[in-house]
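> Here is my input, please return the structure:
(one chain, ligands or ions: 1)
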Amino acid sequence: MGVTMTPGAAEVLAAIAAHPATTLALVSGRRLVDLVELAQPPVGTLLAASHGVEHGVVEPGGPSVEPLEPTADERALITRLDDSLGEIASAAEGAWVESKTFGRVLHTRQADPDAGAAATERAVAGPATWPGVHAIVGKSVVELAVRDVTKADGVAWVRERAAADAGVAPAAVAVLFAGDDTTDEHALASLREGDLGVKVGDGETAASVRVADEPAVVALLREVLAARG
Ligand SMILES: O=P(O)(O)OC[C@H]1O[C@H](O[C@H]2O[C@H](CO)[C@@H](O)[C@H](O)[C@H]2O)[C@H](O)[C@@H](O)[C@@H]1O
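Numbers count the residues shown, from 1 in each chain. Below you'll find the predicted structure:
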């Protein structure tokens with residue numbers, strides 16, 4: 001994948017997971033299987049992957065995952081997406097299409113910038129407008145899903161699951177969410193009083209706090225953990 005964890009991130013995530021009054025959760029646009037391979041999260045971590053479509057928990061033997069199956073209508077729509085996005089990607093060298101259980105993703109990071117922008121425009125003006133298709137435009141990706149789920153749903157699931165595990169009401173759970181992509185804004189905009197939203201890097205945001213980069217997130221998490229004792 002060519003992606004590595006920020007130095008110190010694994011350690012601080014392990015410390016959060018080990019804290020008795022804190023739950024570690026990863027909310028990501030990645031497929032659950034890819035997220036686990038990349039982050040190697042500690043036991044107990046809640047996983048809301050594919051923007052919150054896929055739910056799982058890291059157990060000692062590996063993640064336990066809630067089963068998912070697209071309906072016949074969803075499968076038919078995904079087949080149409082394959083045809084349309086396949087054609088769009090083939091016109092932009094370096095662009096490619098990722099398969100997810102509930103949709104397809106057009107990737108343009110490795111395409112020439114102009115060709116990538118044109119491919120993105122075609123996807124946004126074309127299949128993204130089809131009935132039943134839900135589009136999320138991220139950094140060099142256009143996600144076209146056949147279920148209307150965003151990272152806000154991922155955070156809502158995490159809050160409910162963490163509350164159930166702790167035997168408290170969901171309203172008693174305070175969430176700290178940090179993210180750098182436009183797709184993280186769904187989650188940041190859904191936060192409530194008592195939560196903390198952290199925007200990483202530049203760009204418009206609904207977050208109340210901004211930090212410069214990933215090492216600054218690691219430092220912030222260390223501070224929060226120290227304050228929790
Ligand atoms: O929500 P995130 O955890 O930030 O995940 C967003 C996307 O992650 C993956 O794409 C990223 O990695 C690709 C290479 O592995 C790269 O081409 C792309 O530009 C990155 O965004 C994943 O493949 C996507 O489905 C996610 O939306």
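> how deep is residue 133 tucked in, by neighbour count?
Residue 133: 20 surrounding residues under other C-beta atoms under 10 Å. Where you see a C-beta, it was placed from the backbone N, CA and C, and this is true even at glycine.
> Which positions in stretch 49-64 come out as buried?
Residues 49-58, 63 are the ones in stretch 49-64 that count as buried (16 or more other C-beta atoms under 10 Å).
> Can you narrow those down to the ones near the ligand?
Applying C-beta under 6 Å from any ligand atom, the subset of the buried residues of stretch 49-64 adjacent to the ligand is empty.
> Can you tell me, leaving aside adjacent residues, what's nearest to the spatially most central residue of the chain?
By C-alpha atoms, centre = their mean, the chain has its centre lying nearest to residue 28, at 1.8 Å. Distance criterion C-beta to C-beta, 6 or more residues apart in numbering; nearest residue to residue 28, sequence neighbours excluded, is residue 35 at 4.9 Å.
> quick revisit: how about the buried residues of stretch 49-64 in CSV, adding distance to residue 222?
Output for these, formatted as CSV (distance: C-beta to C-beta, whole Å):
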residue, distance to residue 222
49, 25
50, 29
51, 28
52, 27
53, 31
54, 29
55, 28
56, 26
57, 25
58, 22
63, 26
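> Farthest-apart pair in these, please.
Using C-beta to C-beta, the buried residues of stretch 49-64 span at most 18.9 Å, a distance reached by 51 and 58.
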